[in-house]
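[1] Okay, sequence plus prediction incoming.
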Amino acid sequence: MFEQTIKNYLLDLVFPKKCLVCNQFDIWLCKSCQSQIIFETPQICIVCKQPSVNGQTHPNCQTRNVLDGMLAAGKFHQLQNIIHSFKYELVSEVSIQLSKIMINFIETNQLKDYLKSFTFIPVPLHRTRLRYRGFNQSELLAKYISEKLNTQLLLNVLKRNRNTSPQILLDKSHRKNNIQNAFVCPSPGSVKNLNILLIDDITTTGSTLNECAKVLKQAGAQKVWGLVLAHG
Ligand SMILES: [Zn+2]
Ligand SMILES: [Zn+2]
């Protein structure tokens, strides 16, 4: 606990709390900037990237190994600074502001009832990166959102057993190979017949989320959807 206080103090010195959009002090995302956030429309199919209602994977694009649907809350260009601070500047507190954007998106699009039956699972980090960063940004989002929406949350059922290069540093053709077989579900019984909502901060090609979906479905999950802040 004491260590945590010192860490927070140091973080305040290095990253004084200010709105990551307009620089107003003392809050990570001020009310005015929050109200200007535009939700992503239309949602797109994760496979062909063409518009699709509520991000559902088109029946023609659906295979057993891909997500059944993917929801992206906001627009990347607008959220870029906030997501970047969250991910690379190690400011875990930003997660609450970002979670609120995702909850707002869910409520505005009347997806709350649909998602009630889903079990939320964050995209895991490899333990080496977790140690370096100190927190898993997807886990913070998943925890906050599932608490507010009152849905089930499962941690540690999906594991990253390979420390892969960050997808953002690779070109499209290398992303799929980079992430292949990076995840495992050590106790398949824990996800059997569940509908799962995978939570991540951003998705680029969707390879990471699809790879997670494949592993969860092989372990017996019924449907697997994704929810991200934005398409990167
Ligand atoms: Zn602001
Ligand atoms: Zn499609």
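    Great, that's in hand. Ligands and ions are numbered 1, 2, ... in the order given.

[2] helices or strands next to the host helix or strand of D201 in the packing?
    Element membership for D201 (DSSP states H and E) is strand 195-203. The helices and strands touching strand 195-203, judged by 3 or more Cβ pairs under 8 Å, 6 or more residues apart in numbering; DSSP states H and E, are helix 76-88, strand 118-122, helix 137-149, helix 207-218, strand 223-231. C-betas here are computed from N, CA, C, even on glycine.

[3] nearest to ligand 1, of those?
    With Cβ to the ion as the criterion, ligand 1 lies closest to helix 76-88 of the helices and strands packed on strand 195-203, at 10.1 Å.

[4] So L197 is in contact with S117, correct?
    No - with contact defined as Cβ atoms under 8 Å, L197 does not count as touching S117 (9.8 Å).

[5] between these two, who's got more neighbours?
    L197 (27 against 12; other Cβ atoms under 10 Å).

[6] Nearest residue to the more buried one in space, ignoring adjacent ones along the chain?
    F118 (4.2 Å; Cβ to Cβ, 6 or more residues apart in numbering).

[7] what sits against the residue nearest to C61 when sequence neighbours are not counted?
    Distances taken as Cβ to Cβ, 6+ apart place V47 nearest to C61, at 3.6 Å, with adjacent residues excluded. Residues near V47 by Cβ atoms under 8 Å, 6 or more residues apart in numbering: T57, H58, C61, Q62, V66, G206.

[8] Make a PyMOL selection of whichever of those residues turn out to be buried.
    Applying 16 or more other Cβ atoms under 10 Å to the contacts of V47, the buried members can be selected in PyMOL as follows:
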select buried, resi 57+58+62+66+206
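
[9] contacts with ligand 2 among the contacts of V47, please.
    H58, C61 (Cβ under 5 Å from the ion).

[10] Mind checking which of the contacts of V47 land in strands?
    Using DSSP state E, no member of the contacts of V47 falls within strands.

[11] Could you check the helix ranked longest in the chain and say which residues are buried?
    Criterion DSSP state H: the longest helix present in the chain is helix 94-108. Buried residues in helix 94-108, defined by neighbour count with 16+ other Cβ under 10 Å: V94, S95, Q97, L98, S99, K100, I101, M102, I103, N104, F105, I106.
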